[in-house]
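>>> My questions are about this predicted structure, shown below with the sequence.
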Amino acid sequence: MTDFGAIDALLAGARKEVALPPAEERRALREGLNLSRAQLAKVLGVSPSTVGGWESGRDPSGEVREKYAYFLEGARTKLAAEATEAAEETPAKETSAEKQNDVHADVEPAAGEDDDVDTLATPQPCVLCGQPARHQVAGFPQHLDPTECHAAEPAQTSEPAVPETPAARPESRRAPTTGRRGQAGRGVKVVPVGRRMQPADSPDLIATAVAAALDEYAGDVEAATAALVKRAIPDAMALLDHSRKGGRYDVIAHPWLPDVLRKQSSRGADQIWEARPKWARPELPAGEHEVTALDINGAYLSALKTHLPIGQLEHSTGNEHNPRRAGIHLITPPAWDHEDHLPNPIGSRDEPGPLWVTEPTLRLLLRLAGPKYGLCDPPQIHESWTSGATEGLLEKFRVALKEARDRAIGEGDEVTLEYVKAMYSKFVSTLGESNYNRELYRTDWMHLIRSQAFANLWWKAHRAYDEGLLVVRAMGTDELHVIGDWRAVFAEGRGVAEVKVKDAYRVGVARDEST
């Protein structure tokens, strides 16, 4: 017989998840109270990147969802009350502010203040607040003066300005939205670095973590290393947050992504081709040869320096490439006629026809097709998903890891070395749809960084060939087999700019000297 009592208990305990406002309103409510992501994250017991993800469209669950909803409802109530009170006391305040904005709109930035700032011939909607802006930063229309932009971080003053609730904000001031969920609401905040507070130097997070782990495990190197490697992903995210303080652009943790960047099934892959090499020279000269397998140090660490899209990817068609933008591209690759001595730049691909490639692969092909090398025809670009780009988005993060790695090598500190290696390798591998890193979903970045590592290996193969070595094999991100005096071409060592010997072996048949 059915247990009706158990069913009643189940129904009594069942409840719907508390509703949350749209993503764009969540950020507006927080900023309206002059609160930073870090302040809100601290009271909710999460990281600032997690709050950023919620404000970009990702929804929390469980108890933290209820706490977040409670904060948002309280913020809405508080802002509405303050707006009503301000309207009664100073009804002309908004008119004065608009006149002041008109004056600021005529002020041009000082020469050399920002390399990526351009003046627009016709005002365009600001990517932050939707109002007309007369300038663009790195290709994004935006107000240069924070007082003009209603979505900018509020300036810290002795008397905070009267906030404006999303509900009371005029339609012309709201961020633009589209029919597709979250597409325009997940915009990028692009603020010139000269207008941000620069933080003072802070403690070395990597050294502090290593010291704490060694202390916790009473100097047991193996136990401390295992513990540090286990926490490498959250520690890498904390280091990323730290390195972004005072940075030129905010990291958008959970942007809307096109379908080509989404997995076709739970165990499948998306449609992006990363150009991973798996190449071996088809034929060697007669005789016996000694081959050296070189290991390229810190391949993924070096690849963090690549052109990454700053904001949401935008679709375009046509056979043109804008070097100020980056993303993914559907191309028909050119024929490659040098397979006998150099790997194909698009990697080991047997299927003909168009394919989706990343920015590093496209730039590699375009460079090889240029007048300096002339090794192939230009690829044909059919369509692209791109955004304004910068090569330095992760530069502080990369430099912090590199410096820690260099110090560890110099001091023989294997604990720090393994910890740092786990941080950058796991950071790259979990950027996509991973259950191990829920703070940053940037599948596009993951593909671009991996492809940059492959492109870097290709250039090392080309350098070896150009210097007279026989290139025998190129594999993955860090393996290059050559014949010849490789020390005359590459510096030997454990540094990022150096290579070390992975293996040495002999191939071919020695000639019979008696004949």
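That came in fine, so what should we check first?

>>> What are the boundaries of the strands in the stretch 301-450 of the chain?
Using DSSP state E, counting those that start in this stretch, the strands found in the stretch 301-450 of the chain span residues 308-309, 314-317, 325-332, 355-358, 380-390.

>>> gap between the shortest one and the chain center?
Read that as strand 308-309. Averaging C-alpha positions (CA atoms, centre = their mean, to the nearest Å) puts strand 308-309 7 Å from its chain's average.

>>> same deal with the fourth one?
Taking CA atoms, centre = their mean, one finds strand 355-358 lying 18 Å from the centre of the chain it belongs to.

>>> ditto for the longest one
Between the mean C-alpha location of strand 380-390 and the chain-wide mean there is a distance of 16 Å, by CA atoms, centre = their mean.

>>> by contact count, what packs against that strand?
In terms of contacts (3 or more CB pairs under 8 Å, 6 or more residues apart in numbering; DSSP states H and E), strand 380-390 is packed against strand 308-309, strand 314-317, strand 325-332, helix 359-369. Heads up, the C-betas are built off the backbone N, CA and C, glycines and all.

>>> Out of these, which gets nearest to L394?
Among the helices and strands packed on strand 380-390, the nearest to L394 by CB to CB is strand 308-309 (7.0 Å).

>>> Give me the nearest residue to S348, chain neighbours excluded.
Counting by CB to CB, 6 or more residues apart in numbering, K278 is the residue found nearest to S348 once chain neighbours are left out, at 4.2 Å.

>>> wait, that neighbour sits on I346?
No: with contact defined as CB atoms under 8 Å, K278 does not reach I346; the gap is 11.8 Å.

>>> For the two, indicate the residue with more neighbours.
The neighbour comparison of K278 against I346 (other CB atoms under 10 Å) goes to I346, with 24 against 12.

>>> List the residues that contact the nearest residue to G298 once chain neighbours are set aside.
Once flanking residues are discounted, G298 sits nearest to V496: 4.2 Å by CB to CB, 6+ apart. Counting by CB atoms under 8 Å, 6 or more residues apart in numbering, V496 touches 297-298, 301-302, 402, 405-406.

>>> List the contacts of A227.
Neighbouring residues of A227 by CB under 8 Å, 6+ apart: 213, 216-217.

>>> Now that V501 has come up, it's in contact with E290, right?
No: the criterion here is CB under 8 Å, and V501 misses it with E290 at 11.7 Å.

>>> on that earlier part again, now which of the contacts of A227 would you call buried?
With neighbours counted using 16 or more other CB atoms under 10 Å, the contacts of A227 contain these buried positions: 213, 217.

>>> So which elements touch the helix or strand hosting L79?
For L79, the element it lies in under DSSP states H and E is helix 62-89. Judged by 3+ CB pairs under 8 Å, 6+ apart, the packing partners of helix 62-89 are helix 23-32, helix 37-44.

>>> K396 is nearest to which of these?
Short answer: helix 37-44, nearest of the helices and strands packed on helix 62-89 by CB to CB, at 17.5 Å.

>>> got TSV for the strands of the stretch 301-450 of the chain, with distance to L431, mean pLDDT and mean neighbour count too?
Formatted as TSV, the strands of the stretch 301-450 of the chain follow (distance: least, CB to CB, whole Å; pLDDT from 0 to 100; neighbours: other CB atoms under 10 Å):
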stretch	distance to L431	mean pLDDT	mean neighbour count
strand 308-309	11	94	25
strand 314-317	20	95	13
strand 325-332	14	96	23
strand 355-358	13	96	24
strand 380-390	16	95	19
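
>>> any chance of the ones you listed in JSON lines, plus distance to Y419?
Below are the strands of the stretch 301-450 of the chain laid out as JSON lines (distance: least, CB to CB, whole Å):
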{"stretch": "strand 308-309", "distance to Y419": "24"}
{"stretch": "strand 314-317", "distance to Y419": "38"}
{"stretch": "strand 325-332", "distance to Y419": "30"}
{"stretch": "strand 355-358", "distance to Y419": "29"}
{"stretch": "strand 380-390", "distance to Y419": "28"}
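
>>> sorry, back to before: of the contacts of A227, closest to L417?
Using CB to CB, A213 is the member of the contacts of A227 that lies nearest L417, at 13.6 Å.

>>> mind listing what the closest one touches?
Applying CB under 8 Å, 6+ apart to A213 gives the contacts 224-225, 227-228, 415.

>>> next one: L20
26, 59, 65, 68-69, 72.

>>> Who wins on neighbours among the residues you listed?
Among the contacts of L20, R26 has the most neighbours (other CB under 10 Å), with 24 neighbours.

>>> so what pLDDT did that one get?
For R26, the pLDDT comes out at 91.

>>> swap in Q131?
pLDDT for Q131: 70.

>>> Can you give me the neighbour number for it?
Residues lying near Q131 (other CB under 10 Å) number 20.

>>> Quick check: the gap between it and G347.
Q131 sits 45 Å away from G347, going by CB to CB, to the nearest Å.

>>> Same question for E395.
Using CB to CB, E395 is found at 26 Å from G347.

>>> the more surrounded of these two?
Set side by side, E395 and G347 show more neighbours around G347, with 20 against 15, by other CB under 10 Å.

>>> For the stretch 201-350 of the chain, which segments count as helices?
Under the criterion DSSP state H, counting those that start in this stretch, helices of the stretch 201-350 of the chain are mapped to 205-216, 221-230, 232-243, 299-303.

>>> Phi, psi for the residue nearest to G298 please.
phi -60, psi -30 (degrees, to the nearest 10).

>>> Let me know the pLDDT of it.
92.

>>> Over to the one 4 residues further on?
K500 is assigned a predicted lDDT (pLDDT) of 95.

>>> what's the distance between the nearest residue to V18 once chain neighbours are set aside and D59?
Closest residue to V18 apart from its sequence neighbours, by CB to CB, 6+ apart: A69 at 4.4 Å. Going from A69 to D59 by CB to CB gives 10 Å.

>>> With P343 instead?
P343 is 44 Å from D59, by CB to CB.

>>> contacting residues for the closest residue to T317 other than its chain neighbours?
Leaving out its chain neighbours, the residue that sits closest to T317 by CB to CB, 6+ apart is E383, at 4.7 Å. E383 sits next to 315-318, 329-330 when contact means CB under 8 Å, 6+ apart.

>>> ok, so of those residues, who is nearest D485?
Nearest to D485, judged by CB to CB, of the contacts of E383 is H329 at 38.8 Å.

>>> residues in contact with the spatially closest residue to the closest one that is not a sequence neighbour?
Of all residues not flanking H329 in the chain, S384 sits nearest, at 4.6 Å (CB to CB, 6+ apart). By CB under 8 Å, 6+ apart, S384 lies in contact with 315-317, 327-330.

>>> Let's see that with 10 Å instead.
The contact partners of S384, by CB atoms under 10 Å, 6 or more residues apart in numbering, come to 313-318, 320-322, 325-331, 356, 359, 362.

>>> Ok, I449 next?
274, 300-306, 308, 358, 360, 394, 424, 427-429, 431, 442.

>>> so how far is the first residue of stretch 258-276 from its last?
22 Å (CA to CA, to the nearest Å).

>>> List the buried residues of that stretch.
258, 260-261, 270, 272-276.

>>> now do stretch 214-225
Buried, per 16+ other CB under 10 Å, within stretch 214-225: 214, 217, 224-225.

>>> ok, now stretch 484-492?
484, 486, 489-490.

>>> can you check stretch 299-318 too?
Quick answer for stretch 299-318 (16+ other CB under 10 Å): 299-314.

>>> Tell me the one of those residues nearest L470?
Of all these, A299 has the smallest distance to L470: 22.1 Å, by CB to CB.

>>> Enumerate every residue touching that closest one.
So A299 contacts 424-425, 428, 450, 452-454, 456-457, 460, 476-479, 496 (CB under 10 Å, 6+ apart).

>>> at 8 Å what do you get?
Counting by CB under 8 Å, 6+ apart, A299 touches 453, 456-457, 477-478.

>>> No more questions from me, cheers.
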